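*Asks:* structure, please.
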Amino acid sequence: MHREELRARLERGEPLVLLDIRPREERAEWAIPGSRWVDAYDAVKAEDFRPLDALDLPAGVPVVVVCAAGKTSALAADYLRSRGIEAHSLEGGMRAWSLAWNLAEIELPGAVRIVQVRRAGKGCLSYLVASGAEALVVDAALEPEVYLALAEALGAQITGAVDTHVHADHLSRARRLSATLGIPLYLPANDRAQYPHQALSDGDRIQVGASWLQALHTPGHTWESTCYVLPDGAVFTGDTLFTEGVGRPDLEATGDEARARAGALYHSLRRLLDLPSDTLVLPGHSAEPPDFDGRPVAATLSELVARIEFLALAEAAFVEAVLARVPPPPPNHHRIVELNEAGSWAGDLDALLDLEAGANRCAVR
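*Replies:* Just a heads-up that it's a prediction; the model follows:
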């Protein structure tokens, strides 16, 4: 089964058994929401199907078997079909699922409409922000046609692509979107991006219909990291502030620089906390794979103050706590940063899936 078919079935809420047969340590890092795990990978690879025989599967419900790349799951699906069970293998496995996505709509007072586009297989969150007949895309992580279709459904035309920073865990599609539509590409002012763009400094605005996004420079995760404040009551925080943690300050940094960035992050978070407490935080990633439930990954600033212990610490304690709890770096982050700084890459998207494979690790929790 192709990832797009599985994605569509999950969006429709069709009954399915998602059977994950990967080794436990692979599943522990990232999995499809609602999937069921069975310790069968090594056995099935050796054509020992006894772990599958022990399963109690609901009658008449299709089974989709998942592994890392789709080869061992194909063996398992073949065996289940030999037992009369409707079974499919996820083509390309979790590697291909990296590009699967789902949606959630965010309701705010006023006429601004926001669609959260969740790359469920990676945890990347991007946004279509529409006001009247115009729309902006923030942190594009999927191909242009996804955002074009969403804008068309809202009766809006995309007039700009915006990134919050130079990403380290996925390839930004903002430049592709800009080139496809011939629209402005906005980036925080930086000396890293090696391609034409419109640089945004603190306080700059990008108009969208009757509303706008205002740049709020929030260095820490990276030096150029910038959040975008929507006056209608939301802020797009990129990898600076999440619903369960704060941005990591160590990627592409020496120990001394990571410490300096952690200090900068502390002050950046204070700037965010100066916004009204009911401001809705819309982050650039989710800690867990977003379910196909239409519920936005979002929280108000007051909710995050109560939830995230780092936000209550004094600066010195904050710096030590954050540096002590940074997770392992994202796979291939050096190469991803290099390509995002260049703004282009060779080969089609499927050929680059190995580069982006795996969970995001941008948050400190």
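
*Asks:* helix or strand for the residue lying closest to residue 30 once chain neighbours are set aside, which one?
*Replies:* The spatial neighbour of residue 30 that comes closest, neighbours along the chain excluded (CB to CB, 6 or more residues apart in numbering), is residue 359 at 3.9 Å. C-beta coordinates here come from the backbone N, C-alpha and C atoms, glycine included. Secondary structure assignment for residue 359, by DSSP states H and E: no helix or strand.

*Asks:* tell me the mean pLDDT for the helix or strand harbouring residue 114?
*Replies:* Per DSSP H and E: residue 114 is located in strand 112-119. Predicted confidence along strand 112-119 averages 97 (mean pLDDT).

*Asks:* contacts for it?
*Replies:* Contacts to strand 112-119, defined as CB atoms under 8 Å, 6 or more residues apart in numbering, come from residues 98-106, 108, 124-131, 141-142, 146-147, 150, 154, 170, 209, 211, 230, 232, 234, 282, 286, 290, 296-298.

*Asks:* next, check the residues you listed against the helices and list the overlap.
*Replies:* Secondary structure from DSSP state H places 146-147, 150 of those in helices.

*Asks:* now, among the residues you listed, which is nearest to residue 47?
*Replies:* Distance ranking of those against residue 47, using CB to CB, places residue 146 first at 39.1 Å.

*Asks:* the helices in this structure, which residues?
*Replies:* Using DSSP H, the helices assigned to the chain run over residues 3-12, 24-29, 41-45, 50-53, 72-82, 93-97, 144-153, 174-181, 255-273, 301-307, 315-324, 333-342, 353-356.

*Asks:* select, out of those helices, the one closest to residue 364.
*Replies:* Between residue 364 and these, the shortest separation by CB to CB is 5.1 Å, and it involves helix 315-324.

*Asks:* buried ones in that closest one, by neighbour count?
*Replies:* By neighbour count on 16 or more other CB atoms under 10 Å, the buried set for helix 315-324 is 318-319, 322-323.

*Asks:* ok, stretch 357-365 next?
*Replies:* Neighbour-count burial for stretch 357-365 flags 357-364 (criterion: 16+ other CB under 10 Å).

*Asks:* residue 10: which of those is nearest?
*Replies:* Using CB to CB, residue 359 is the member of the buried residues of stretch 357-365 that sits closest to residue 10, with 18.7 Å.

*Asks:* doesn't residue 121 make contact with that closest one?
*Replies:* No. Residue 359 sits out of contact with residue 121 when judged by CB atoms under 8 Å, with a separation of 9.5 Å.

*Asks:* where do the contact lists of these two overlap?
*Replies:* Common neighbours of residue 359 and residue 121 are listed as residue 30 (criterion: CB under 8 Å, 6+ apart).

*Asks:* for stretch 146-165, buried residues please.
*Replies:* Residues of stretch 146-165 classed as buried by neighbour count (16+ other CB under 10 Å): 146-148, 150-151, 156, 158-165.

*Asks:* tell me the mean pLDDT for it?
*Replies:* Along stretch 146-165, the predicted local confidence has a mean pLDDT of 98.

*Asks:* max pairwise distance over the buried residues of stretch 146-165: which two?
*Replies:* Based on CB to CB, the longest span within the buried residues of stretch 146-165 runs between 156 and 165 and measures 25.2 Å.

*Asks:* what's around residue 305, how many residues?
*Replies:* For residue 305, the count of nearby residues is 13 (other CB atoms under 10 Å).

*Asks:* cool, and residue 215?
*Replies:* Here the count is done by other CB under 10 Å, and residue 215 has 22 residues near it.

*Asks:* same check, this time on residue 201
*Replies:* The tally of other residues near residue 201 (other CB under 10 Å) stands at 10.

*Asks:* contacting residues for it?
*Replies:* Contacts here follow CB under 8 Å, 6+ apart; on that basis residue 201 touches 189, 215, 217.

*Asks:* from these, which land in strands?
*Replies:* Judged by DSSP state E, strands contain the following of the contacts of residue 201: 215, 217.

*Asks:* can you tell me how far residue 159 sits from residue 130?
*Replies:* For residue 159, the distance to residue 130 equals 10 Å [CB to CB, to the nearest Å].

*Asks:* contacts for the worst-scoring helix or strand of the chain on mean pLDDT?
*Replies:* Ranking every helix and strand in the chain by mean pLDDT, DSSP states H and E puts helix 353-356 at the bottom, with a mean of 83. The list of residues contacting helix 353-356 from outside it, by CB under 8 Å, 6+ apart, reads 92, 95-96, 98-99, 122, 169-171, 332, 335-336.

*Asks:* mind running it again at 7 Å?
*Replies:* 95-96, 98, 122, 170-171, 332, 335-336 (CB atoms under 7 Å, 6 or more residues apart in numbering).

*Asks:* so which bits of it are buried?
*Replies:* So for helix 353-356, counting by 16+ other CB under 10 Å, buried means 353, 355-356.
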